[in-house]
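**Q** Build the 3D model from these lines:
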Amino acid sequence: PMYTSVRGFCSRKTERTLCGYQPRRRIYDTGITVYNSLAKGKVPFILPSKDHTIKWYTCGPTVYDHSHLGHARSYVHIDILQRILHHYFNLPVYHLLGMTDIDDKILKRAHEVSKLPQDIAKQFEGEFFEDMKALGVKSPARVGRVTEHIEEIIKFIQVIEKNKFTYTSNGSVYLDSEAFGRVGSEKLNPNPQSDDLDFEGEKNAYLNEKKSAHDFVLWKKSKENEIGWENPFDSALGRPGWHIECSAIASHHLGKHFDVHAGGIDLSFPHHNNEIVQSDAHFGYVEGGKERWVDYFLHTGHLHIEGRKMSKSLKNFITIKEFFDTHGETSAIDFRMFCLLVPWNTDVNLSNDRIEDARNLRKKFLQFERNCLQTISKLQASSTHKHSERKWNSSDIQFELNFLQIQEDVRERLRDNFDTAGAIKLMLDLVRLTNIYTSSNEPVVSLPSRVLEYITEMFRVFGAPFLGVTEKEVTSDTTNTNDPRALIEELARVRSLLRAELKSPAVDKKRLWGIVDEIRDKLPEHGYSVKDTSEGFLVEKITN
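**A** Residues are numbered from 1 along each chain as shown. Alright, predicted model coming up:
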């Protein structure tokens, strides 16, 4: 069958000027378009040079409690984007992860359980990285903890102070929005779903210290008996405000401008907006100028449960460990498959049905792998394929053309804002075409081999390496007479061949359909069922 490619083309010139956004001094167009919150739309992903290492900062967690699936969704999706950039488009990424290990929430939790704040932070940071490892999220190149960067944060604030954009009130230092003059015109829109707009009580407990509601704290005077550091702003101990930590840590490690800043959509406003403001105040960048602190802000969408955003403050969350306990050994890979099937920057509703859909999709690819390996093994064992392949015919040539076209279309989908769902849909088309090709005639061994290698590699790129059964394992599976699965698989294969023959008008279709249905109906007696799918067939063990 002919595979039809459907593509949509858009003008790079039009994208480049979207919402007035212009890439800063960038000369290498990667061919990728990405949704940039600064532009409020998709723009070209352009780098300074072809051999440039992408400098990427991600806002990490505030480590005062167990991580939940909302965190998992954000960090798994960020991991997927980085893997695609590095392992598919050959664009290396240097990833710096911020870590808030001191703030009001940590202090409150420490007081509640009678522990030191640093012990609370260490405990939950350790749990966070254990969860990330279980989810298959790659470790960052570096972790930037707030408590390890107090000196850098103080120096960062001092430059803003020198530029006359701060004032001190009751021992705390604030960004003076009136003096800076740009805080009222946000680069990042307020997020109406955010539950952190009043983070650390800035609009309540500290309101009487501010000149304006737009001002925000850079350095906070510590309360009595509260942890703090000596500082040049006041004789009393103090600690960093929430927003300043990311600007100071990211700039210290990545420089005065870098490529990508990522995080959950909750952080877009006010956190990331205020980061931009204070960084511009520090470096002297101006609206519409040639320089900017960050070129691309990437925000992952919310994860909802039954239509409500997953959030600790809303008491509406499932911890990552609870999810693992509920969904079994394959829960991590199934959650990643779930993430691959939804756009990284949109809100998505989580349900058991959607996790089950992701699990079933994974099983389809596993079934395809088994079928492919069996076909390859039999072809290699036959006398006609010991030394070389037979001469290719028109079916072989057409299949290869389809295969090459699908590979190109997958690349186009990943270039379009990392559309993994679209890429996987194309890979399912490839599975369907391969099943038809191997079932309708004797295939050349190299074609199903290349298809399986390609699909296996793509899932490795996505961080979901669930394929890769060895030839030895397949051989032992198909020759074990004590295990009925080999027989079931063979019956299913024969049944698939019969279904293909039914397409011919010269056969007695009624009789053959009866044979097909009889095979299907007898399989449950052996504890298995076979289901017909658009990609071929799926064998499942009956557990009840």
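**Q** From now on I want contacts and neighbour counts done on CA atoms only, so please keep to that.
**A** Will do.
**Q** for Phe45, phi and psi?
**A** Dihedral pair for Phe45: phi -90, psi 100, per degrees, to the nearest 10.
**Q** Give me the buried positions along stretch 279-297.
**A** 279-283, 285, 291-297 (16 or more other CA atoms under 10 Å).
**Q** Mind checking which of these are in strands?
**A** Among those, DSSP state E puts Val294, Asp295, Tyr296, Phe297 in strands.
**Q** Now the closest residue to the last one other than its chain neighbours: which helix or strand?
**A** Translated: Phe297. Distances taken as CA to CA, 6 or more residues apart in numbering put His261 closest to Phe297, at 4.9 Å, once the chain neighbours are dropped. According to DSSP states H and E, His261 maps onto strand 258-264.
**Q** on contacts alone, who are the packing partners of that strand?
**A** Contacts defined by 3 or more CA pairs under 8 Å, 6 or more residues apart in numbering; DSSP states H and E place strand 258-264 against strand 54-58, helix 69-83, strand 294-300.
**Q** could you give the mean pLDDT of that strand?
**A** Mean pLDDT, strand 258-264: 98.
**Q** Tell me which helix or strand in this structure has the weakest average pLDDT.
**A** Within the chain, no helix or strand scores below helix 471-479, which has a mean of 37 by mean pLDDT, DSSP states H and E.
**Q** for the most centrally placed residue in the chain, what are its contacts?
**A** When CA atoms, centre = their mean is applied to the chain, the residue found nearest the centroid is His77 (1.2 Å). Counting by CA atoms under 8 Å, 6 or more residues apart in numbering, His77 makes contact with Thr300, Cys339, Leu340, Trp344.
**Q** Nearest to Thr30 among those?
**A** Trp344 (19.4 Å; CA to CA).
**Q** what's the burial count for Asn393?
**A** Asn393 is flanked by 10 other residues according to other CA atoms under 10 Å.
**Q** Next, give phi and psi for it.
**A** Dihedral angles for Asn393 - degrees, to the nearest 10 - are phi -110, psi -170.
**Q** max-length strand in this protein?
**A** The residue-count maximum for a strand in the chain (DSSP E) belongs to strand 28-36.
**Q** Next, the buried residues of that one.
**A** For strand 28-36, by 16+ other CA under 10 Å, it's Thr30, Ile32, Thr33, Val34, Tyr35, Asn36.
**Q** Over to stretch 331-346?
**A** For stretch 331-346, by 16+ other CA under 10 Å, it's 331-345.
**Q** Now do stretch 118-134: everything it contacts.
**A** So stretch 118-134 is in contact with 63-67, 72, 75, 101-102, 106, 109-110, 138-139, 320-321, 332, going by CA under 8 Å, 6+ apart.
**Q** That stretch: which residues count as buried?
**A** Gln118, Ile120, Ala121, Phe124, Glu125, Glu127, Phe128, Asp131, Met132.
**Q** secondary structure element for the fifth one?
**A** When elements are assigned from DSSP H and E, Glu125 belongs to helix 117-134.
**Q** Now do that helix, average pLDDT.
**A** The pLDDT scores in helix 117-134 average 98.
**Q** roughly how far is it from the heart of the chain?
**A** 21 Å (CA atoms, centre = their mean, to the nearest Å).
**Q** begin at 296 from here
**A** Noted, 296 is the first residue going forward, which turns the last one into helix 412-429.
**Q** State the mean pLDDT of the helix or strand following that helix.
**A** The C-terminal neighbour of helix 412-429 among helices and strands, as given by DSSP H and E, is strand 437-440. Per-residue pLDDT values over strand 437-440 give a mean of 98.
**Q** Give the pairing partners of strand 437-440; include direction for each.
**A** Sheet pairing here is set by DSSP bridges, and for strand 437-440 it gives strand 388-394 (parallel).
**Q** From the chain's centre, how far out is whichever helix or strand comes after the strand it pairs with? Work that out for me.
**A** The element immediately downstream of strand 388-394 (helix or strand, assigned by DSSP H and E) is helix 399-408. Here helix 399-408 is found 31 Å from its chain centre; the criterion is CA atoms, centre = their mean.
**Q** Dump helix 399-408 to CSV, restricted to CA.
**A** Below are the C-alpha coordinates for helix 399-408, written out as CSV (Å, rounded to 0.1, in the frame of the first residue of the first chain):
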residue,chain,number,x,y,z
ASP,A,399,9.1,29.9,54.3
LYS,A,400,7.6,26.5,53.4
ILE,A,401,10.7,24.7,54.5
LEU,A,402,10.9,26.7,57.7
LYS,A,403,7.3,26.0,58.5
ARG,A,404,7.7,22.3,57.9
ALA,A,405,10.8,22.1,60.0
HIS,A,406,8.9,23.9,62.9
GLU,A,407,6.0,21.4,62.6
VAL,A,408,8.2,18.3,62.9
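**Q** what's the angle between it and helix 412-429?
**A** 110 degrees (axes from the mean of the first three to the mean of the last three CA atoms, to 10 degrees).
**Q** Report the inter-axis angle for the helix holding Glu420 versus helix 364-378.
**A** Using the same axes, to 10 degrees: helix 412-429 against helix 364-378 is 60 degrees.
**Q** got a list of what Gly758 touches?
**A** Taking CA under 8 Å, 6+ apart, one finds Asp374, Ile375, Arg378, Gly431, Val432 in contact with Gly758.
**Q** Please indicate which of these has the highest neighbour count?
**A** Ile375 leads the contacts of Gly758 on contacts (other CA under 10 Å) with 24 neighbours.
**Q** so what's the backbone phi/psi at the residue nearest to it when sequence neighbours are not counted?
**A** Nearest non-adjacent residue to Ile375, counting by CA to CA, 6+ apart: Phe757, 5.6 Å away. Per-residue torsions, Phe757: phi -70, psi 0 (degrees, to the nearest 10).
**Q** Export the buried residues of stretch 574-592 as JSON lines, with columns for distance to Asp714 and pLDDT.
**A** Below are those laid out as JSON lines (distance: CA to CA, whole Å; pLDDT from 0 to 100):
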{"residue": "Ser574", "distance to Asp714": "32", "pLDDT": "96"}
{"residue": "Asp575", "distance to Asp714": "33", "pLDDT": "95"}
{"residue": "Ala576", "distance to Asp714": "36", "pLDDT": "96"}
{"residue": "His577", "distance to Asp714": "36", "pLDDT": "96"}
{"residue": "Phe578", "distance to Asp714": "35", "pLDDT": "95"}
{"residue": "Tyr580", "distance to Asp714": "34", "pLDDT": "90"}
{"residue": "Glu586", "distance to Asp714": "30", "pLDDT": "87"}
{"residue": "Arg587", "distance to Asp714": "28", "pLDDT": "91"}
{"residue": "Trp588", "distance to Asp714": "27", "pLDDT": "95"}
{"residue": "Val589", "distance to Asp714": "23", "pLDDT": "96"}
{"residue": "Asp590", "distance to Asp714": "21", "pLDDT": "95"}
{"residue": "Tyr591", "distance to Asp714": "18", "pLDDT": "97"}
{"residue": "Phe592", "distance to Asp714": "18", "pLDDT": "97"}
